[in-house]
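Asker: Quick one, structure for this:
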Amino acid sequence: MGRYGATAWTASAAALLVFLLLLPVGGNDTDPPECSSLFGYVVPCGLGPDQSNGIGFALAGALLSSALVAAGALATSVSRR
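Answerer: Predicted coordinates:
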C-alpha cells in the first residue's frame, strides 16, 4: 500500500469513527428532545429529513475529520519536497 493508499485508509477510518461517535443512539422525549451519542454526550436528534440536524451533524463531522487527515497528509508531503 502506497502513501496515498494509507492516507485514504486513515481518512476513511477517521471519518467512520467520528460518524459513529456523533450518531444519536438514545434520547428522551423532552421539549426540546435531547439525544445522546455512544458515550453519553448530547448531540442533535434525528435521523431523517424531519429533523434539522441529526444525521447531517454526524456526516459533517465525518467529512471534516476526513478533510483534516487529507490536509495533514498533503502538508507533510509538501514539506518533504
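
Asker: Centre of the chain to the helix ranked longest in the chain, how far?
Answerer: Criterion DSSP state H: the longest helix present in the chain is helix 55-80. Computed by C-alpha atoms, centre = their mean, to the nearest Å, the chain-centroid distance of helix 55-80 equals 10 Å.

Asker: repeat for stretch 22-35
Answerer: 18 Å.

Asker: Contacts only, for Thr7.
Answerer: Shown in contact with Thr7 (C-beta atoms under 8 Å, 6 or more residues apart in numbering): Val69, Ala70, Ala73. In short, each C-beta sits where N, CA and C put it, glycine included.

Asker: Tell me the helix or strand right after the host helix or strand of it.
Answerer: Using DSSP states H and E, the element containing Thr7 is helix 3-22. Next along the chain after helix 3-22, taking DSSP H and E as the criterion, comes strand 26-28.

Asker: Identify all contacting residues around that next one.
Answerer: Contacts of strand 26-28 (C-beta under 8 Å, 6+ apart): Pro33, Glu34, Cys35, Ser36, Cys45.

Asker: And the residue nearest the centre of this protein?
Answerer: For the chain, the residue nearest the mean C-alpha position is Ala62 (2.4 Å; C-alpha atoms, centre = their mean).

Asker: tell me which helix or strand of this protein sits lowest on mean pLDDT?
Answerer: In the chain, the helix or strand scored least confidently by mean pLDDT, DSSP states H and E is strand 26-28, which has a mean of 76.
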